[in-house]
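Asker: Structure for this input, please:
(one chain, ligands or ions: 1)
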Amino acid sequence: MVQIRTPIAIGRIVAVAAFVFLTGCGNGGAQETFDVVILNGRVIDPETMFDGVRNVGIRNGTIVSITEESISGSESIDATGHVVTAGFIDTHHHGAGNPWGVKASLRDGVTTPMDLELGTINVDQWYADRDGKWVANYGAAASHEFHRMRVLDGMPIAEPADGADFARLRNESYDRDDTPDWAVTRASIDQLNQMLSNIDEELRAGALGIASTTGYMANGITTLELYNVQKVAANYGRLYASHVRLLGNSNPPTEATLGAFEQIANGVALNQPLILSHNNNFGWWEVEEHLQALRDRGYNVWSEYYPYTCGSSTIGSEFVKPDNIGQLGLDYTDMIDPRTGENMNREVYDRIVAEDPAYIIVLCIPAREEWLPMWLQVPHMTVAGDQMPPVNEAGELLSWDDPYDAYNGHPRTVGTHAKTLRLARENNVPLMQILAQNSYWAAKHLGDAGIEDMQVRGRIQENMVADIVVFDPETVTDNGTYTVGENGRPSTGIPYVLVNGTIVVRDSQVVDGVYPGQAIRYPQESAGRFEPLDRDIYLEELLAPAFPFDDGIGTAESDR
Ligand SMILES: [Zn+2]
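Answerer: Numbers count the residues shown, from 1 in each chain. Sure thing, here's the model as predicted:
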């Protein structure tokens, strides 16, 4: 798919011309003063494959100069012995709308955390709530799950909700009538039209696409619903990002691949940008081969992984119910209770699921140990942490000032990106590759989907946005573990992070009171694009051109 860069390129030329006029000299001159300079770092840019020691000059949030000449600025960072590269972009972050979640990820090098898997409801207000108040960049996709709750469970959800709210909202759906309709109930055409119309309104308001936890709603969502939900986003040329429908362990297991192929087939039919969330189940290699072949034909499709062998989910999820967990080749001893750090059993499961069906547990899948080092090397597979909502032992959301050790849950919330840098070092994976997985490929694919804010990020080049991470390649590491009290230990070896040219991590401490984050968003449109489905008309339109065939091979007469 050809990337449309013309408007951005013109913007750059104007910006550079204005700069030359004001200062009377070209880029990189020794006499210039920048807002921030990052000196003597090893600059690595996967798009251009550049790798060399340079000085980086930043002004007004933009990388203005990358040079071997000496430069100076109001702020100066000595990056000797460190890598200087584009800030990490995370497309699957359930803490992205929560200040503590953002803080922990800044320590992990993430400058743009976004939840494109579960998503957001009331997108317009969600963006407005963060305008001028957010330290990292922020973006939202419309949530299929929350829109199912609104229509099928009759939950109004009048305020913005995102990953920080999903456990509360799932519990509310159980409390209402014991049936989580969002998960298990099939929509009538009228209900589907209502849901699609509501989602269309989110897209009109600038949502990045549709986020879908399809795997949690596997029995509720028909193929007709899935296709038409994807289509609402495709009407705008926007992406669909999803946890695939099926998980299982027939012999050989085919469920996860079939779940992926369903969404890929829809995406290809609709020519739609597509992210497959955490492609980490049996057959992931088949899915990657499909994605690669489609990219070779110009389709904008890719997948994510998080670098852990254990997953994390709510305990009431359908796929871990007693009839289903065996289908995963697992049992309740593979489940960890984060409050105790101990493996569970059926008795403990029964007790917790009755008390708190949205309680977040950890679930370990041994086969992933063999696959994890391979994922580091897969082209276009992006690192996305599936960071969980930041809660304490009592399940209460953390706030900005809460300490790191207050977090109780899967360590992927704090350590995903640094862990991939450590694993790359330990497994001799080139920095160029692992950095492309952490920043460039997400920016490239999102930019190709027409998100202009991403066409100027994920690259460390002159005239790109100064979202930058500075890390020590010899020592950078994750520190969060599954042990209680260690879940939230922040990553180390990342002394500086900049968002839009502002230093937000200084000497490995997150800076208080700076809000340089910018919205990642499509422009709002004046009218929506949704046209309601009518089952009869739908079938008629689909079949009409076949009788008679345009090519004369068949006629209505001969086909009878
Ligand atoms: Zn997720």
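
Asker: Surely residue 414 is within a helix?
Answerer: Yes - counting by DSSP: H, G, I helix; E, B strand; the rest coil, residue 414 is part of a helix.

Asker: My guess is it contacts residue 492. True?
Answerer: No - the criterion here is Cβ atoms under 8 Å, and residue 414 misses it with residue 492 at 10.9 Å. All C-beta spots, glycine's among them, are computed from the backbone N, C-alpha and C.

Asker: between the two, what contacts are shared?
Answerer: Shared contacts of residue 414 and residue 492 (Cβ atoms under 8 Å, 6 or more residues apart in numbering): residue 479.

Asker: who has more neighbours, these two?
Answerer: residue 414 (32 against 18; other Cβ atoms under 10 Å).

Asker: and the gap between residue 376 and the ion?
Answerer: Residue 376 sits 20 Å away from the ion, going by Cβ to the ion, to the nearest Å.

Asker: Not counting its neighbours along the chain, what's nearest that residue?
Answerer: residue 429 (4.7 Å; Cβ to Cβ, 6 or more residues apart in numbering).

Asker: Figure out the helix or strand that that neighbour lives in.
Answerer: Under the criterion DSSP states H and E, no helix or strand holds residue 429.

Asker: Could you report the neighbour count for it?
Answerer: 17.

Asker: Report the contact partners of the closest residue to residue 310 other than its chain neighbours.
Answerer: In this structure, residue 310 finds its nearest non-sequential neighbour in residue 364, 4.1 Å apart by Cβ to Cβ, 6+ apart. Neighbour list for residue 364: 309, 310, 311, 334, 335, 336 [criterion: Cβ under 8 Å, 6+ apart].

Asker: close enough to count as contact, the second one and residue 361?
Answerer: No - Residue 310 lies out of contact with residue 361 (Cβ under 8 Å); the separation is 9.9 Å.

Asker: which one of those two has more residues nearby?
Answerer: residue 361 (26 against 19).

Asker: Show the contacting residues for the more buried one.
Answerer: 312, 313, 314, 315, 335, 336, 337, 338, 344, 352.

Asker: and the residues you listed, which are buried?
Answerer: Buried by 16 or more other Cβ atoms under 10 Å: 312, 313, 314, 315, 335, 336, 337, 338, 344, 352, out of these.

Asker: is it fair to say the first one lies in a strand?
Answerer: Yes - counting by three-state DSSP, residue 312 falls inside a strand.

Asker: Bridge partners for residue 387, pull those for me.
Answerer: Taking DSSP bridges as the rule, residue 387 bridges to residue 93.

Asker: Kindly report the same for residue 51.
Answerer: Beta-bridge partners for residue 51, by DSSP bridges, are residue 44.

Asker: And for residue 477?
Answerer: For residue 477, the beta-bridge partners are residue 492 (DSSP bridges).

Asker: The spatially most central residue of the chain and residue 390: what is the separation?
Answerer: Closest to where the C-alpha atoms of the chain average out (Cα atoms, centre = their mean) is residue 91, at 1.5 Å. Distance of residue 91 to residue 390, given as Cβ to Cβ, to the nearest Å: 18 Å.

Asker: Same question for residue 216.
Answerer: The spacing between residue 216 and residue 390, counted by Cβ to Cβ, is 20 Å.

Asker: pLDDT of stretch 40-58, averaged?
Answerer: Throughout stretch 40-58, pLDDT has a mean value of 98.

Asker: Can you check the pLDDT for the single nearest residue of the stretch 101-250 of the chain relative to the ion?
Answerer: Residue nearest to the ion within the stretch 101-250 of the chain: residue 117 (4.5 Å; Cβ to the ion). Looking at residue 117, its pLDDT is 97.

Asker: thinking it is in contact with residue 213, fair?
Answerer: Yes - Residue 117 lies in contact with residue 213 (Cβ under 8 Å); the separation is 6.5 Å.

Asker: what sits in contact with each of these two?
Answerer: Residues touching both residue 117 and residue 213 by Cβ under 8 Å, 6+ apart: 242, 243.

Asker: quick one, which of these two is more surrounded?
Answerer: Neighbours were counted for residue 117 and for residue 213 using other Cβ under 10 Å; residue 117 has more, 29 against 23.

Asker: Please, where are all the strands along the stretch 301-450 of the chain?
Answerer: For the stretch 301-450 of the chain, applying DSSP state E, counting those that start in this stretch gives strands covering 301-305, 310-314, 335-337, 342-343, 360-364, 381-383.

Asker: and the third one, average pLDDT?
Answerer: Per-residue pLDDT values over strand 335-337 give a mean of 92.

Asker: helices or strands up against it?
Answerer: Helices and strands touching strand 335-337, by 3 or more Cβ pairs under 8 Å, 6 or more residues apart in numbering; DSSP states H and E, are strand 342-343, helix 346-355, strand 360-364.

Asker: Select, out of these, the one closest to residue 437.
Answerer: Of all the helices and strands packed on strand 335-337, strand 360-364 sits nearest to residue 437, with 23.2 Å by Cβ to Cβ.

Asker: partners of the closest one in the sheet?
Answerer: strand 310-314 (antiparallel), strand 335-337 (antiparallel).

Asker: all helices of the stretch 251-400 of the chain, in order?
Answerer: 255-270, 284-296, 322-325, 346-355, 368-375 (DSSP state H, counting those that start in this stretch).

Asker: Redo the ones you listed as a markdown table? Include mean pLDDT.
Answerer: Shown next, in a markdown table, are those (pLDDT from 0 to 100):
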| stretch | mean pLDDT |
| --- | --- |
| helix 255-270 | 95 |
| helix 284-296 | 97 |
| helix 322-325 | 87 |
| helix 346-355 | 94 |
| helix 368-375 | 95 |
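
Asker: rewinding a little: show me the one of the helices and strands packed on strand 335-337 that comes nearest residue 244.
Answerer: Nearest of the helices and strands packed on strand 335-337 to residue 244, taken as Cβ to Cβ: strand 360-364 at 16.5 Å.

Asker: hey, C-alpha coordinates of that closest one in CSV?
Answerer: Taking C-alpha atoms only, strand 360-364 is exported to CSV below (Å, rounded to 0.1, in the frame of the first residue of the first chain):
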residue,chain,number,x,y,z
ILE,A,360,-7.7,-10.5,36.8
ILE,A,361,-5.5,-13.7,36.9
VAL,A,362,-2.3,-14.9,35.2
LEU,A,363,-2.4,-18.0,33.0
CYS,A,364,0.8,-19.7,31.9
